[in-house]
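Show me the folded form of this:
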Amino acid sequence: MIRNFILALALAVCAPPAFAQWQPSKNVEIVAPAAAGSALDAVARLLQKVLQDRKMLSANLTVVDKAGGGNAVGFNYLNSRPADGHTVLVTPFTIITNRITGANPINYQDITPIAMLADEHVAFVVNANSPMKTGKDLLERMKRDPASLSISIAAALGNANHIAASLVGKSVGADPKKFRIAVFNSSGESITAVLGGHVELAVTTTGLVGGHVQAGRVRVLAVASATRLPGALAQTPTWREQGVDVVFSSWRALIGPRGMSAEQVAYWEALMAKVSADDEWRRELEQNALTPAYVGAEATRKMFVQQAEQLRAILADLGLAR
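From the prediction side, this is the model:
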């Protein structure tokens, strides 16, 4: 009898997170700290779609876009909401870098980590009519005259897109501080600037690129991934294939306001584990060149701490740390 009790206790301790008794009792907001049509908005709306299609959430569910300040407007909005489990936000790693660069005082220590959702790679995109045909053309331009190169990114200096562009530039001896960087509120706006001929290069996460590639509007010179990506970017070479050892990507995590209860976190953590195993979620991510990357709340928190140290060192080297 004692042995059975010990076995049951061990199984309970080792079991994966289960839904706590708490659950949402009113409208839930999924906040995207960027403009409608952005890469963050796309992930938030995919999450909304899967939760609704699969009836995983009984409460009403809305997506709220809060653009501006390099995601800072969204972060401030999140922490203005009650910590009652009814507001969550899809974040990139500006939740770490914004305080390092001085863009916003809120960082990962001021929110509640819930789960990692996906990993999104960085693409280097030009207009289909650009004279730059390959990654090597871009490298030559960076090396010859970095101050002449205009680059659009979203949505803050020091984010994944900016870091990836800087690392590629440094690989050929260019000073990335000389690049002419234009910061937009969303990846959609960043790509639109290239489509309109206002800037020469968009360095952007891959989620919104595929449709433009298939329509023949843009050319992707390279992706900063370890291997080629599936879907619309399957023919695009990596930087490594073109002689540059740069692999860099952004992640998408789910966070809540500071002060959420353990029961609320447990509910959302278990819900995201269920979403991460869903075929529709995984299929949609792959079609948009994103990689499923679920881990729970504690692992997400530890990753935030670890990356804060790594990113501070990178941003200091670029002259962006404050």
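
Mind naming the longest helix for this protein?
helix 297-317 (DSSP state H).

Let me know the average pLDDT across that one.
Helix 297-317 carries an average pLDDT of 94.

Could you do stretch 160-179 as well?
On average, stretch 160-179 scores 96.

before we move on, what about stretch 138-154?
97.

Take it, keep the C-alpha atoms, and write them as CSV.
Taking C-alpha atoms only, stretch 138-154 is exported to CSV below (Å, rounded to 0.1, in the frame of the first residue of the first chain):
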residue,chain,number,x,y,z
LEU,A,138,24.7,42.5,-51.1
LEU,A,139,28.0,41.6,-49.4
GLU,A,140,29.9,43.5,-52.0
ARG,A,141,27.7,46.5,-51.6
MET,A,142,28.1,46.4,-47.8
LYS,A,143,31.9,46.2,-48.1
ARG,A,144,32.3,48.8,-50.8
ASP,A,145,29.9,51.5,-49.4
PRO,A,146,27.9,50.7,-46.3
ALA,A,147,26.8,54.3,-45.8
SER,A,148,24.9,54.1,-49.2
LEU,A,149,22.8,51.1,-48.2
SER,A,150,19.3,51.8,-46.9
ILE,A,151,17.7,49.1,-44.8
SER,A,152,14.2,48.8,-43.3
ILE,A,153,13.5,46.9,-40.1
ALA,A,154,10.7,46.5,-37.7
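
can you pull out the strands in the stretch 201-322 of the chain?
Counting by DSSP state E, counting those that start in this stretch, the stretch 201-322 of the chain has these strands, from start to end: 201-205, 218-223, 249-257, 290-295.

And for residue 322, the neighbour number?
Residue 322 is flanked by 10 other residues according to other C-beta atoms under 10 Å. (Each C-beta comes from the backbone N, C-alpha and C, glycine too.)

do you know how far the nearest residue to it once chain neighbours are set aside is from residue 255?
Nearest non-adjacent residue to residue 322, counting by C-beta to C-beta, 6 or more residues apart in numbering: residue 102, 3.6 Å away. Plainly put, residue 102 is 21 Å away from residue 255 if you go by C-beta to C-beta, to the nearest Å.

Please say which of those two ends up with more neighbours.
Comparing residue 102 with residue 255 by other C-beta under 10 Å, the one with more neighbours is residue 255, at 26 against 12.

top strand in the chain by residue count?
The residue-count maximum for a strand in the chain (DSSP state E) belongs to strand 111-127.

show me where the stretch 1-150 of the chain has helices.
For the stretch 1-150 of the chain, helices defined by DSSP state H, counting those that start in this stretch occupy the ranges 2-14, 39-53, 72-80, 94-101, 135-144.
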